[in-house]
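Q: Compute the structure for the input listed below.
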Amino acid sequence: MRDADDNQTSRTPPLGASAQAPAHIAIIMDGNGRWAKARGLPRTAGHKKGVDAVRRTVEAARELGVGTLTIFSFSSENWRRPEEEVSDLMGLLRFYLRSEVAELHKAGIRLRVIGERARLSDDINRLIDDAETLTAANRTMTLVVALSYGSRQEIVAAAKRLAEDVAAGRLSADAIDEQALSGRLFTADLPDPDLIIRTSGEKRISNFLLWQAAYAELVFVDTLWPDFTKRDLEAAIDEFHRRERRFGATTASTR
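A: Here you go, the predicted structure:
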């Protein structure tokens, strides 16, 4: 984890074949509903096409050498959507966990799910447990699925755990720092994202990895999520490499 006062300057490699993919890319997958509406289809059709885009993007990220790919699959706020739509989304999640995990494992991809899993049904939690166990030793890439996830809720939960540890005498109040809080987040074992991509043209991060995104580069693309391709991912990575990441420090070019 990086500290907020990290004074180290990081320069990304030049564009071209030698440029490496960011170590951790996170994606806010937006636009399924608009994709379906533009075609006179139900929202469910957009979500189904969105699953195809997930499959393409995971494969593209693996091919490009991304170490960790996090996708915002279902937010804490999404529970407020119509019951029928939530049910359809949970059905798609079951389908993905049953049909795709074997391919992820074959490709050497580790699956991690973060979020408020207590809100998920027992059968989905069993599928998640089985998938995480099966892929736990894989090292080619880590796929993190943010499911029933909200960053503010995550931070509040971490603060509560800190308070409980202080009250129980396991931690002194003076010992609370960024590392202590980071270690109690869902992402404690993961690197912070270097690049966050949002599709569909919206320019906000919607309660996604607020703590972890402190120094992430943000790229917003107009493509609706079901149409997202490897080319879109490469274009976002190219944009990332045009940026100079200073983490709060200055360089000769900015003085």
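Q: Okay, and the beta partners of residue 144?
A: Beta bridges link residue 144 to residue 70, residue 112, judged by DSSP bridges.
Q: tell me the contacts of it?
A: With contact taken as CB atoms under 8 Å, 6 or more residues apart in numbering, residue 144 is in contact with 26, 68-71, 112-114, 187, 190. In short, each C-beta sits where N, CA and C put it, glycine included.
Q: can you list those residues in JSON lines and add distance to residue 130, pLDDT and neighbour count?
A: Supplementary listing: the contacts of residue 144 in JSON lines, determined by distance: CB to CB, whole Å; pLDDT from 0 to 100; neighbours: other CB atoms under 10 Å:
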{"residue": "26", "distance to residue 130": "25", "pLDDT": "98", "neighbour count": "25"}
{"residue": "68", "distance to residue 130": "21", "pLDDT": "98", "neighbour count": "22"}
{"residue": "69", "distance to residue 130": "21", "pLDDT": "98", "neighbour count": "26"}
{"residue": "70", "distance to residue 130": "21", "pLDDT": "98", "neighbour count": "25"}
{"residue": "71", "distance to residue 130": "19", "pLDDT": "98", "neighbour count": "21"}
{"residue": "112", "distance to residue 130": "14", "pLDDT": "98", "neighbour count": "20"}
{"residue": "113", "distance to residue 130": "11", "pLDDT": "98", "neighbour count": "24"}
{"residue": "114", "distance to residue 130": "17", "pLDDT": "98", "neighbour count": "19"}
{"residue": "187", "distance to residue 130": "22", "pLDDT": "98", "neighbour count": "23"}
{"residue": "190", "distance to residue 130": "21", "pLDDT": "97", "neighbour count": "19"}
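Q: which element is the nearest residue to residue 227 once chain neighbours are set aside on?
A: If you skip the residues right next to it in sequence, residue 227 has residue 35 as its closest partner in space, 6.9 Å away by CB to CB, 6 or more residues apart in numbering. Using DSSP states H and E, residue 35 falls within helix 32-38.
Q: Run the chain-centre distance for that helix.
A: Remark: helix 32-38 is offset 22 Å from the chain centroid, using CA atoms, centre = their mean, to the nearest Å.
Q: What of stretch 177-191?
A: Per CA atoms, centre = their mean, the centroid offset for stretch 177-191 relative to its chain is 15 Å.
Q: Next, the residues that contact that stretch from outside, please.
A: Surrounding stretch 177-191, the residues in contact under the criterion CB under 8 Å, 6+ apart are 1, 3-4, 23-24, 67-68, 70, 112, 114-115, 142, 144, 149, 154-155, 157-159, 161-162, 171, 209, 211-212.
Q: Ok, stretch 104-113 next?
A: Contacts made with stretch 104-113 from outside it, assessed by CB under 8 Å, 6+ apart, are listed as 58-59, 62, 101, 128, 131-132, 134-145, 147, 190.
Q: who touches residue 54 in this structure?
A: When the contact criterion is CB under 8 Å, 6+ apart, the partners of residue 54 are 29, 71, 96.
Q: helix or strand for it, which one?
A: When elements are defined using DSSP H and E, residue 54 is found to belong to helix 43-64.
Q: now do residue 124
A: In this structure, residue 124 is located in helix 122-135 according to DSSP H and E.
Q: Show me which positions of that helix end up buried.
A: For helix 122-135, the neighbour count (16 or more other CB atoms under 10 Å) marks 124, 127-128, 131, 135 as buried.
Q: Of these, which pair is most distant in space?
A: Maximum pairwise distance in the buried residues of helix 122-135, criterion CB to CB, is 16.5 Å, between 124 and 135.
Q: What segments of this structure are helices?
A: Using DSSP state H, the helices assigned to the chain run over residues 32-38, 43-64, 83-106, 122-135, 151-167, 178-182, 230-242.
Q: Might you list the low-confidence residue ranges for this structure?
A: 1-19, 249-255 (pLDDT under 70).
Q: for the closest residue to residue 42 other than its chain neighbours, what are its contacts?
A: On the basis of CB to CB, 6+ apart, the spatially nearest residue to residue 42 that is not a chain neighbour turns out to be residue 36, at 6.2 Å. Residues counted as contacts of residue 36 (CB under 8 Å, 6+ apart) are 42-47, 49.
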